[in-house]
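[1] Pasting the sequence and the predicted coordinates here, then a few questions.
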Amino acid sequence: MAKGGSRAGGRARDAAGKRRGAASGSAAKAKPAKPQPVQPRRPQPSPVPPAEPPMPATFLLGAIPGATPGKWIDTWKERMPRTSLELVPLAFADQRRPVVDGEVDAALVRLPIDKDGLHVIPLYDEVPVVVCAKESHLTAAGELDTADLVGEVLIVPEDDVLRISVPGTEKPRFAPPADTAEAIATVAAGVGIVIVPMSLARLHQRKDVEYRPLLDGPTSTVALAWAADRTTPAVDAFVGIVRGRTANSSRG
């Protein structure tokens with residue numbers, strides 16, 4: 001029994017020794033992992049901005065009577081040769097509707113105007129003038145004040161843009177003329193006076209009438225208006241022109 005037990009114990013010690021040897025050998029063979037080289041991050045492509053709508057073949061610019069967009073139209077033709085600019089006449093009483101309804105891309109309007117839903121940029125102020133018959137005593141002065149008009153018959157046409165009231169003037173005994181052209185024709189016949197912005201006096205100029213600046217009269221402001229939700233590249237280009245931006249300057 002002693003010999004058998006000794007042989008069994010020896011075999012157990014040999015097996016344990018082999019396991020320890022195998023474990024130590026595995027530990028000896030294990031090597032620390034090599035650090036992986038850091039891969040350079042590839043630059044992410046920049047997001048592509050959405051393409052702007054192409055410029056239209058025609059830019060529709062509304063204009064109330066008396067507006068003077070000539071210099072801006074000339075600049076437009078130089079900068080935008082592929083987009084023609086077409087002027088669309090607008091009546092003062094209906095100047096807002098074509099802009100809101102999209103019948104024009106932008107418009108030269110007279111203030112005041114309801115600005116709800118619109119962008120509006122004031123451009124210039126017009127001097128008021130008194131239009132009178134060529135033989136009128138008012139033509140003796142180079143400039144007039146409202147005090148000079150006391151006793152005169154003040155004709156106010158239906159399309160009046162100044163809404164002026166002059167103390168001491170008289171109301172005509174006939175119905176208001178339908179428009180400024182008719183009112184000035186009445187003045188040419190020697191009846192009364194009309195007060196309008198200078199551009200309208202020039203627009204309806206006749207040989208038998210003259211006009212003089214009214215120093216203390218109300219000015220009329222001409223502005224550029226367009227729908228706030230339709231600021232297209234063409235509109236932005238025209239805004240830049242009226243604001244005096246050069247062809248190479250940025251928006252602002």
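    Great, that's in hand.

[2] how about Glu143, what does it touch?
    212-215 (CB atoms under 8 Å, 6 or more residues apart in numbering). C-beta here means a position set from N, CA and C on the backbone, and glycine is covered the same way.

[3] now do 7 Å
    Counting by CB atoms under 7 Å, 6 or more residues apart in numbering, Glu143 touches 212-213, 215.

[4] Same check on Val166?
    146, 149, 154.

[5] do Val235 as well
    Here Val235 is in contact with 105-106, 226 (criterion: CB under 7 Å, 6+ apart).

[6] three-state assignment of it?
    helix (DSSP: H, G, I helix; E, B strand; the rest coil).

[7] Could I get the average pLDDT for stretch 123-142?
    On average, the pLDDT along stretch 123-142 is 97.

[8] Please identify the buried residues of it?
    123, 126, 128-133, 136, 138-139 (16 or more other CB atoms under 10 Å).

[9] State the number of residues packed around Trp76.
    21 (other CB atoms under 10 Å).

[10] How about it: what's its closest non-neighbour residue?
    Leu85 (5.0 Å; CB to CB, 6 or more residues apart in numbering).

[11] Can you name the helix or strand that Pro81 falls in?
    Assigned by DSSP states H and E, Pro81 falls within no helix or strand.

[12] cool, and Gly151?
    For Gly151, there is no helix or strand it lies in under DSSP H and E.

[13] okay, how far is it across stretch 155-169, tip to tip?
    Distance between the boundary residues of stretch 155-169 (CA to CA, to the nearest Å) amounts to 10 Å.

[14] Distance from that stretch to the middle of the chain?
    Relative to the centre of its chain, stretch 155-169 is centred 31 Å away, using CA atoms, centre = their mean, to the nearest Å.

[15] again, but for stretch 216-236
    Worked out by CA atoms, centre = their mean, stretch 216-236 lies 7 Å from the chain centre.

[16] circling back: filter the buried residues of stretch 123-142 down to just the ones in strands.
    123, 126, 128-133 (DSSP state E).

[17] looking at the contacts of Val235, which has the most residues close by?
    Of those, with other CB under 10 Å as the count, Ala106 tops at 26 neighbours.

[18] Quickly list what the closest residue to it other than its chain neighbours is bridged to.
    Closest residue to Ala106 apart from its sequence neighbours, by CB to CB, 6+ apart: Trp226 at 3.9 Å. Beta bridges link Trp226 to His119, judged by DSSP bridges.

[19] if we can go back for a sec, which of the contacts of Glu143 fall in strands?
    Filtering the contacts of Glu143 for strands - DSSP E - leaves 212-213.
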